[in-house]
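K.L.:
Here's my sequence, what's the structure:
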Amino acid sequence: MKIATFNINNINRRLPNLLAWLAAAAPDVVCLQELKAAGAKFPLSAIQQAGYGAVWAGQKTWNGVAILAKGAEPVLTRNALPGDPDDTQSRYIEAAVGGVLIASLYLPNGNPRPGPKFDYKLAWFDRLIAHAASLKAAGVPAVLAGDYNVVPTAVDIYPTTSWSEDALLQPESRAAFRRLVDQGWTDAIRTRHPDTPCYTFWDYKRQRWGRDAGLRLDHLLLSADLALRLADAGVDKAVRGVDGASDHAPAWIVLADRPRKRTPALNNDEMLGRRRRDR
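P.N.:
Got it, this is the predicted structure:
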């Protein structure tokens, strides 16, 4: 199973880019962020014609997340991150595909800081950590994929000091990401490429794409059982260089059919049963 995450940065504006990448890369599951499209504005017909079923939580102007499944309909389990019923920002969606629980998330940017936007980022991170702990406790095979708006370490950014005050690199942001990973999740890209930057984002400003002045913001975290199935991972960097591109490139993983060490597989119904019992 090939699972990708892609901050599309306006799905309707980038639809030709998205469809071309889907045809070339043929991922089985795609997590999209920053749709910038609400309700009926989501291009479902074009997605279906490309061979994908979809669930999405859109929002006008900003935010919005989706999960696409090749030749299948994702089984929606959540369309919001639990923990704050007053949070109306569309930043989290979760669905079962092929016996795996897939989450597409778009963590808040947090700028400017200090201030309410950075506070919201850290509070949202705390809610994600709590929800991830519940998934782990339930024993659900899960992938937490998306734009985390965190640069985890110095390896994940080009040599510079120009981002030093940005919310993406703050000790609090990095510590929250580490707390999440330390629950027992595997950072798939870094596991497969321990010493390679593997940038996924290049800002439009200051010729950062041409200079390869990138950041790794998009991550796929795997539950322990799925980490045993990790066969490959990478970034489709060339997608960032085509006309009309998003400022992000897709990051992806490949899960083998069988783990390196045998663990019991779950079908969608069994997995959803575990989720219901855990609620």
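K.L.:
contacts for the host helix or strand of residue 96?
P.N.:
Using DSSP states H and E, residue 96 falls within strand 92-97. For strand 92-97, contacts defined as Cβ atoms under 8 Å, 6 or more residues apart in numbering pick out 28-29, 55-57, 65-67, 69, 72, 74-81, 101-106, 128, 268, 271-272. Glycine gets a C-beta too; all of them are placed from N, C-alpha and C.
K.L.:
mind running it again at 7 Å?
P.N.:
29, 55-57, 65-67, 69, 72, 74-81, 101-105, 268, 271-272 (Cβ atoms under 7 Å, 6 or more residues apart in numbering).
K.L.:
how about the helices in the stretch 101-250 of the chain?
P.N.:
116-138, 171-181, 188-192, 224-227 (DSSP state H, counting those that start in this stretch).
K.L.:
can you redo those helices as a markdown table with distance to residue 236 and mean pLDDT?
P.N.:
Below are the helices of the stretch 101-250 of the chain laid out as a markdown table (distance: least, Cβ to Cβ, whole Å; pLDDT from 0 to 100):
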| stretch | distance to residue 236 | mean pLDDT |
| --- | --- | --- |
| helix 116-138 | 25 | 98 |
| helix 171-181 | 23 | 98 |
| helix 188-192 | 12 | 98 |
| helix 224-227 | 21 | 98 |
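K.L.:
Which of the ones you listed sits closest to residue 242?
P.N.:
helix 188-192 (21.5 Å; Cβ to Cβ).
K.L.:
mind listing what's buried in the closest one?
P.N.:
Going by neighbour count (16 or more other Cβ atoms under 10 Å), the buried part of helix 188-192 is 188, 189, 190, 192.
K.L.:
Among the residues you listed, which one lies nearest to residue 198?
P.N.:
Using Cβ to Cβ, these come closest to residue 198 at residue 189, 5.1 Å.
K.L.:
In contact with that closest one, which residues?
P.N.:
198, 219, 220, 233, 251.
K.L.:
repeat that with 6 Å
P.N.:
Counting by Cβ atoms under 6 Å, 6 or more residues apart in numbering, residue 189 touches 198, 233, 251.
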